[in-house]
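Novice: Build me a model from this:
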Amino acid sequence: MSHVITDACIGCHICAKNCPVSAITGNIKEKHVVDSKLCIDCGLCGRLCPKSAIKDAQGQTVAKLVKDKWEKPVIDQSACVGCSVCAENCPTGCLEICAPRFHGDIRTIAELSRPDDCIGCHICGRVCPIDAISYKSN
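Specialist: Numbering: from 1, shown residues only. Down below sits the predicted model:
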């Protein structure tokens, strides 16, 4: 199930403009709609909505949250094996697999290379096969 826009929507278009997968459509000043086939349940729409008009997949209202309070991934460098599943599934491309630290090093790990682009969706942690990702807000 995807996120849903309620009747509280004022059609400000901030959700549609920022959706990383273009799952939200609608006209300015009219209620918008989430395409459930495209929605990845990242929650960005809800964190941005000035009217708290977004409900998550469990039917809970997603509270507006200022960007500096969004949780960012923290990669456990001792556990990460550099499999790249997190980076491949990141909707904004803010995670990368780092280069080896020195000549001859074969170990690579994931890193949050562009923290300002992170939308705090937690997708990276949900797909990490070894639970090497936790979250921290600023």
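
Novice: per-domain residue ranges of this protein.
Specialist: Here the domain parsing of the chain from automatic domain parsing is 1-65, 67-137.

Novice: Could you save those domains as CSV and add columns showing mean neighbour count and mean pLDDT?
Specialist: Placement of C-beta: from N, CA and C, glycine included. Converted to CSV, the domains of the chain look like this (neighbours: other C-beta atoms under 10 Å; pLDDT from 0 to 100):
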stretch, mean neighbour count, mean pLDDT
domain 1-65, 16, 95
domain 67-137, 15, 94
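
Novice: On the three-state scheme, the most centrally placed residue in the chain is what?
Specialist: For the chain, the residue sitting closest to the mean C-alpha position, by C-alpha atoms, centre = their mean, is Cys121 at 2.4 Å. Three-state call for Cys121 (DSSP: H, G, I helix; E, B strand; the rest coil): coil.

Novice: Could you measure from it over to Lys51?
Specialist: 21 Å (C-beta to C-beta, to the nearest Å).

Novice: same thing with Leu38?
Specialist: Leu38 is 22 Å from Lys51, by C-beta to C-beta.

Novice: now Gln58
Specialist: 20 Å.

Novice: Equivalent analysis for His3, please.
Specialist: 14 Å.

Novice: Now do the helices in this protein.
Specialist: 14-18, 44-48, 85-89, 123-127 (DSSP state H).

Novice: Minimum distance to Phe102: which of these has it?
Specialist: helix 85-89 (21.5 Å; C-beta to C-beta).

Novice: Quick check: which helices or strands does that closest one pack against?
Specialist: strand 95-97, helix 123-127 (3 or more C-beta pairs under 8 Å, 6 or more residues apart in numbering; DSSP states H and E).

Novice: which residues sit against the first one?
Specialist: So that's strand 95-97. The contact list for strand 95-97 (C-beta atoms under 8 Å, 6 or more residues apart in numbering) reads 73, 82, 84, 86-87, 108-113, 124.
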